[in-house]
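> Sequence and predicted structure are below.
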Amino acid sequence: MNTAPLSLPRIYFSIRTIGVTNDLDEYEKRKLAIFNILNCMAIFTGFLIPVAGLFNDDNFPPLAWIAAVSPAVISAFVLLGVYKRKYEQAKMVYFIFYPFLTSLAYASKIDIGIELFFFVYGVLAVFLLKRILHAIVAFCFSAFLYCIVALFWNDYEVRLVEVNPAFFVFNHILAVIFIFSSLYLFKTENNAYLASLSTQNMKLAAQKEEIEKQAAELKELDHLKNKLFSVIAHDLKTPMYALRNLFRNMQQYDLPAEEVKLMIPDVVTDLNYTTGLMENLLHWAKCKMQSQGLKPQLLDISILIREVVQLLRLQADAKKVYLETKIDQPVYIYADKDMVSLVLRNLLSNAIKFTPENGKVCLGAIESSSFVEVFVQDTGTGMTEETIKQINANNYFTTKGTANEAGTGLGLMLCKEFLAKNGGRMFVESEAGKGSVFSFTLPAAN
């Protein structure tokens with residue numbers, strides 16, 4: 001019982017796709033589908049009209065019967081040509097032989113009332129024929145035959161409207177149905193084609209936007225890469241040379257311990273810079289290569305702050321900078337632990353770097369309903385509005401600290417990028433000579 005409804009769509013699809021290949025564009029495929037459907041309708045009517053004529057008592061001449069059965073023969077031959085990929089030739093056969101054989105009925109001096117079909121052939125020729133010359137020839141041929149039939153052949157011996165009015169009306173209804181079906185198919189296929197074009201244009205626009213975005217990111221990444229190579233080539237060799245010179249002097253000149261101790265602080269400072277540079281470079285590379293996936297988890301930010309303070313206490317003690325934490329109870333966030341730790345380390349290291357001796361750096365967290373704000377406040381040199389603009393614009397730059405410490409220029413860029421990945425943002429408040437406050441937000445645990 002269910003096989004018939006399921007088979008009808010398959011039959012319809014098979015008719016539409018007769019002769020369709022991937023070489024045809026979407027518009028030509030749709031026009032060919034209309035042509036195939038019209039030919040199948042013509043085959044059906046080519047059998048229907050002669051059968052209807054058999055039930056009439058009137059004797060029609062042979063030419064009338066040839067005209068009656070011709071649609072089935074012509075359309076079958078045309079579909080064979082389409083199947084053989086002879087598209088334009090098959091269409092020309094359709095638009096030449098159909099009006100010619102239709103006019104044969106009138107040549108037998110019988111007015112069978114199917115003049116409307118001449119209009120159908122002319123209009124369809126304009127829509128379906130690809131070459132303009134073929135369309136003009138087919139249209140003019142149909143118009144020429146119509147003029148002969150309607151205007152010059154007036155001495156018909158038999159007029160179907162008088163002999164068999166019902167059959168005459170039937171022919172006109174059939175012509176109207178054929179015209180309506182043709183126009184409806186063109187309308188639906190044209191609307192579907194326009195909708196397909198609109199969808200494709202939207203996809204192309206989205207792809208173009210994505211490509212432009214990727215191009216901008218690649219351009220920015222290339223620009224940053226060039227700067228990084230400049231940093232590596234210039235700054236990375238300095239601590240390496242210092243360490244090499246220390247060991248070489250110890251080997252060649254047998255330096256006493258007192259002189260070695262005097263040289264070690266400078267070397268340690270350079271190595272600290274190198275360590276920070278390498279660490280930030282590795283994190284930056286992982287982030288850009290997407291090899292470090294985001295692993296959010298429930299974290300107590302107070303524990304992370306204490307761990308970072310303990311890690312950088314030696315750096316603070318060397319400058320006599322006092323570190324203070326203003327968080328006494330657990331405050332939970334939902335973020336990637338390694339990324340948040342790196343953000344805290346960079347912000348605290350920068351605060352120590354730009355805070356003079358006997359200065360103070362405070363770390364704390366403020367909890368709200370949907371997010372947690374973490375801040376690092378120092379009593380350092382502060383920043384100008386121009387410097388804050390550069391930080392907010394994500395520009396790559398570096399400055400010396402209060403003890404002439406070098407910076408890598410990558411720290412704040414990594415902080416902003418890692419915070420964005422965790423759904424957070426960084427904020428900067430500062431005034432020259434009055435210290436700075438670097439803060440960031442992260443989603444709360446709830």
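Structure received.
> and residue 373, what helix or strand is that in?
Using DSSP states H and E, the element containing residue 373 is strand 371-378.
> CA atoms of the following helix or strand past that strand as PDB?
Counting by DSSP H and E, the element after strand 371-378 in chain order, helix or strand, is helix 385-392. Presented in PDB, the C-alpha positions along helix 385-392 are these (Å, rounded to 0.1, in the frame of the first residue of the first chain):
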ATOM      1  CA  GLU A 385      47.600  57.600  28.700                       C
ATOM      2  CA  GLU A 386      49.500  56.800  25.600                       C
ATOM      3  CA  THR A 387      51.000  53.700  27.100                       C
ATOM      4  CA  ILE A 388      47.600  52.600  28.300                       C
ATOM      5  CA  LYS A 389      46.200  53.000  24.800                       C
ATOM      6  CA  GLN A 390      49.000  50.800  23.400                       C
ATOM      7  CA  ILE A 391      48.200  48.100  25.900                       C
ATOM      8  CA  ASN A 392      44.500  48.300  25.100                       C
END
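> which SS class is residue 18?
coil (DSSP: H, G, I helix; E, B strand; the rest coil).
> gap between the helix or strand where residue 194 lies and the chain center?
Assessed by DSSP H and E, residue 194 sits inside helix 165-235. How far helix 165-235 lies from its chain's middle: 11 Å, per Cα atoms, centre = their mean, to the nearest Å.
> Counting by contacts, list what that helix packs against.
Packing contacts for helix 165-235, counted by 3 or more Cβ pairs under 8 Å, 6 or more residues apart in numbering; DSSP states H and E, involve helix 26-54, helix 116-128, helix 160-163, helix 257-288. Quick note: C-beta positions are derived from backbone N, CA and C, even for glycine.
> Looking at the ones you listed, spot the one closest to residue 144.
The minimum distance between residue 144 and the helices and strands packed on helix 165-235 falls on helix 116-128, with 9.4 Å, by Cβ to Cβ.
> Quick one: work out the angle between the closest one and helix 26-54.
Counting by axes from the mean of the first three to the mean of the last three Cα atoms, to 10 degrees, helix 116-128 lies at 160 degrees to helix 26-54.
> which strands and helices sit next to the helix or strand that comes right after helix 116-128?
Downstream of helix 116-128, the next assigned helix or strand under DSSP H and E is helix 132-147. Packed against helix 132-147, as judged by 3+ Cβ pairs under 8 Å, 6+ apart, are the following elements: helix 87-107, helix 116-128.
> Show me what the last one is packed against.
Right, helix 116-128. helix 26-54, helix 87-107, helix 132-147, helix 165-235.
> For the ones you listed, give me JSON lines that also has mean neighbour count, mean pLDDT and distance to residue 369.
As requested, these are exported to JSON lines (neighbours: other Cβ atoms under 10 Å; pLDDT from 0 to 100; distance: least, Cβ to Cβ, whole Å):
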{"stretch": "helix 26-54", "mean neighbour count": "18", "mean pLDDT": "78", "distance to residue 369": "53"}
{"stretch": "helix 87-107", "mean neighbour count": "20", "mean pLDDT": "84", "distance to residue 369": "68"}
{"stretch": "helix 132-147", "mean neighbour count": "16", "mean pLDDT": "88", "distance to residue 369": "71"}
{"stretch": "helix 165-235", "mean neighbour count": "13", "mean pLDDT": "79", "distance to residue 369": "34"}
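> Same list, those helices, but as TSV with distance to residue 386 please.
Below are the helices and strands packed on helix 116-128 laid out as TSV (distance: least, Cβ to Cβ, whole Å):
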stretch	distance to residue 386
helix 26-54	56
helix 87-107	69
helix 132-147	66
helix 165-235	19
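> The closest residue to residue 35 other than its chain neighbours: how many residues sit nearby?
Leaving aside its chain neighbours, residue 35 sits nearest to residue 128 (5.6 Å; criterion: Cβ to Cβ, 6 or more residues apart in numbering). If you count neighbours by other Cβ atoms under 10 Å, residue 128 ends up with 22.
> Report the separation between residue 128 and residue 135.
8 Å (Cβ to Cβ, to the nearest Å).
> Centre of this protein to the edge, which residue is at the far end?
Relative to the mean C-alpha coordinate of the chain, counting by Cα atoms, centre = their mean, the farthest residue is residue 157 (68.9 Å).
> Please verify my assumption that that residue contacts residue 106.
No: between residue 157 and residue 106 there is no contact under Cβ atoms under 8 Å: 11.2 Å.
> mind checking pLDDT for residue 304?
At residue 304, the pLDDT value in this model is 91.
> Contacts only, for it.
When contacts are counted by Cβ atoms under 8 Å, 6 or more residues apart in numbering, residue 304 touches 337, 340-341, 344.
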